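# need a structure here:
(chains A, B, C and D)
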There are 2 protein chains.
Amino acid sequence: MDDLDGRLIELFATDPRVGVLEASRRLGVARGTVQARLDKLAATGVITGWGPDLSPEALGFPVTAFLTLEIRQETSQGGHDLVGAHLAAIPEVLEVHTITGAGDMWARVVARSNADLQRVIDAVLEHPAIVRSSTVIALATQVPYRVRPLARAATTTTA
Amino acid sequence: MDDLDGRLIELFATDPRVGVLEASRRLGVARGTVQARLDKLAATGVITGWGPDLSPEALGFPVTAFLTLEIRQETSQGGHDLVGAHLAAIPEVLEVHTITGAGDMWARVVARSNADLQRVIDAVLEHPAIVRSSTVIALATQVPYRVRPLARAATTTTA
DNA sequence: GACACGCTGCGCAACTTGTCCACTGAGAGG
DNA sequence: CCTCTCAGTGGACAAGTTGCGCAGCGTGTC
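You can find the predicted model right below:
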């Protein structure tokens, strides 16, 4: 991650439909350089994909909620992974992490409506290893998920 | 969102470097159709972008934490947005939402290390309207952020 | 029955991609 | 001081793709 990488990412993030050739022109470097940098960023794992970004809202799931789940501790090794697998099978579950706090997990879910959210939560709670859960609903989004500013920060600080 | 749209998204999500022409071949439809569908999905807001997906980990920020912030209620209208603006200025803050619970906000932050997390949290807490905060650290990721299964669900159910 | 709409299949010019090459400058190591 | 390697440059080529327009066709609607 040097400055060129940073500007490259910035450029593609701003204007994704730009091609390699066009990018090389805008950045004032040779085309081969852009290609090499892009390959390296992908190889390093900094760029994990180029897939289309989908909006759950536009797909008809405007309600977002965060669930904190307490997992039974006695569960034999891998209890979290079992619950994780259960959650992964529910399409409305967009994200799941294990978090600090005895046996806690955290999940992001979406639903078609507040009423529909109940259905999703029920599906989540179906797993017997889940002891307790609490739900908070996201009302508004002040900062949508973004990594670009972080890339800037990484540029100026990291090798 | 009909079945074609679903398969289209599936295809591009699986194999993003595929072009419109190649996609039309694989889906067995005319090239113009793929282009039209893609345009419509973008116009509808279902596809919000094609930018590179960046990994905070690979950028040197392997620690993820979730902060719940309690915002002073007396703050004149827009207190949340003011805090939101403050948070938006911190690159390590990746996401911020207002949530249910009197005056609460929720933020996702990353840091270079557990020690570095302290610095980030301090930066967040600098804002005077933040009354209280609690932090949980993400230990492992059972399900990485994904929307694809949801797109499948939307296909089979929505118009 | 007329119409709008979405899909097909085709053609063309302009452009981009993947790939290779020879050359240059800078830093690392002997 | 010399030499090697690495990264970048600039150019070339064939093959493939994109953007665009057009005519035809089947279906569902008013």
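
# gap between the most centrally placed residue in chain A and B:Ile71?
When CA atoms, centre = their mean is applied to chain A, the residue found nearest the centroid is A:Glu95 (7.1 Å). Note on A:Glu95: its distance to B:Ile71, by CB to CB, to the nearest Å, is 24 Å. (Each C-beta comes from the backbone N, C-alpha and C, glycine too.)

# isn't A:Ser134 up against A:Leu67?
Yes - counting by CB atoms under 8 Å, A:Leu67 is a contact partner of A:Ser134 at 7.2 Å.

# which of the residues in the longest helix seen in chain A are buried?
When chain A is parsed with DSSP state H, its longest helix is helix A:31-44. The neighbour-count check on helix A:31-44 (16 or more other CB atoms under 10 Å in any protein chain shown) flags A:Val34, A:Arg37, A:Leu38, A:Leu41 as buried.

# the next helix-or-strand element following that helix packs against which elements?
Using DSSP states H and E, the next helix or strand after helix A:31-44 towards the C-terminus is strand A:47-49. For strand A:47-49, the packing partners by 3 or more CB pairs under 8 Å, 6 or more residues apart in numbering or on different chains; DSSP states H and E come out as strand B:53-54.

# for the strand it packs on, name the packing helices and strands.
Checking 3+ CB pairs under 8 Å, 6+ apart, strand B:53-54 ends up next to strand A:47-49, helix A:148-157.

# distance between the helix or strand just after that strand and the chain's centre?
Using DSSP H and E, the next helix or strand after strand B:53-54 towards the C-terminus is strand B:63-71. Taking CA atoms, centre = their mean, to the nearest Å, one finds the center of strand B:63-71 at 16 Å from the center of the full chain.

# let's test this: mean pLDDT of the helix or strand following strand B:63-71, rounded?
Downstream of strand B:63-71, the next assigned helix or strand under DSSP H and E is helix B:79-88. Helix B:79-88 shows a mean pLDDT of 92 in the predicted model.

# can you check stretch A:48-66 too?
This predicted structure assigns stretch A:48-66 an average pLDDT of 94.

# so is it next to DNA strand D?
No - Stretch A:48-66 lies out of reach of DNA strand D by CB under 7 Å from any atom of the strand, never closer than 13.1 Å.

# list the buried residues in that stretch.
A:50-52, A:54-56, A:58-61, A:63-66.

# domain ranges for chain A?
Chain A breaks down by automatic domain parsing into domains covering A:3-52, A:63-137.
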